[in-house]
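In: Sequence unavailable; structure follows:
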């Protein structure tokens, strides 16, 4: 499961572009991940330029 640190996320959308299952959504004020669709591939965690995403259990 992916955790979002909302204090670090600047809503750049980089993570959305690499998600292979399209489970990340962004509004004007928030990023969210559909935990049911997410396959925990860590692509978003690896590419986030602000280290705002982490995998619970792999922190």
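Out: Received it, and whenever you're ready, just let me know what you need. All values derive from a computational prediction rather than experimental measurement.

In: Which residues does stretch 13-31 contact?
Out: Contact partners of stretch 13-31, identified using CB atoms under 8 Å, 6 or more residues apart in numbering, comprise 4, 6, 9, 11, 32-34, 37-39, 41, 43-44, 47-49, 52-53. For glycine as for every other residue, the C-beta is placed from the backbone atoms N, C-alpha and C.

In: go on, stretch 38-58?
Out: By CB under 8 Å, 6+ apart, stretch 38-58 touches 1-6, 8-10, 12, 14-15, 18-21, 23-24, 31, 33.

In: tell me how far it is from the chain's mean position?
Out: Chain-centre distance of stretch 38-58: 6 Å, with CA atoms, centre = their mean, to the nearest Å.

In: re earlier: can you say which of the contacts of stretch 38-58 are buried?
Out: By neighbour count, with 16 or more other CB atoms under 10 Å, these hold 2, 4, 9, 15, 19, 23, 24, 31, 33 as buried.

In: In strands, which of the contacts of stretch 38-58 appear?
Out: Per DSSP state E, strands hold the following members of the contacts of stretch 38-58: 2, 3, 4, 24, 31, 33.

In: just how off-centre is stretch 18-33 within its chain?
Out: 7 Å.

In: So residue 44, which state does it fall into?
Out: For residue 44, the assignment made with DSSP: H, G, I helix; E, B strand; the rest coil gives helix.

In: Could you find the closest non-adjacent residue to it?
Out: Closest residue to residue 44 apart from its sequence neighbours, by CB to CB, 6 or more residues apart in numbering: residue 15 at 3.7 Å.
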